[in-house]
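A.B. asks: task: produce atomic coordinates for the following.
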Amino acid sequence: MKKIHGFKTYTLEEVLKEPMKNKKFRIGYEKEVARLNLVHQIKTARLAKKYTQEKLAKKADMPQSVIARIESGKRGMSFETISRIASALGKEITFA
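C.D. replies: Coordinates of the predicted model:
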């Protein structure tokens, strides 16, 4: 904890220290971080190929609005959707 301009500030680690002791919270948090990481990878790969959302959607045979919602982080993805997007981007899905 630091004080900046009279306000107490905390690092993310400090904020999460207690909640992460709860198994359900920790699992949910880790799943959400993994989902958002996948969202970031999709957008990064799309931009690297210089694809618009519309072009990626067309190649993946889905509406552009689906790509927009995925990239905004507001929509979950089924394995089928991830697979179609990966294929459209010329990527393979691997599990670590």
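A.B. asks: can you give me how far the helix or strand bottoming out on mean pLDDT in the chain is from the chain middle?
C.D. replies: Lowest mean confidence among the helices and strands of the chain (mean pLDDT, DSSP states H and E): strand 2-4, at a mean of 82. Averaging C-alpha positions (CA atoms, centre = their mean, to the nearest Å) puts strand 2-4 31 Å from its chain's average.
A.B. asks: helix or strand right after it?
C.D. replies: Of the helices and strands lying after strand 2-4 in sequence (DSSP states H and E), the nearest is strand 7-9.
A.B. asks: which strands border that following strand, and is each parallel or antiparallel?
C.D. replies: strand 2-4 (antiparallel) (DSSP bridges).
A.B. asks: what's the longest helix in this protein?
C.D. replies: The residue-count maximum for a helix in the chain (DSSP state H) belongs to helix 23-48.
A.B. asks: for that helix, list every residue counted as buried.
C.D. replies: V39, I42, K43, A45, R46 (16 or more other CB atoms under 10 Å). Yep, even glycine has a C-beta here, placed from its N, CA and C like the rest.
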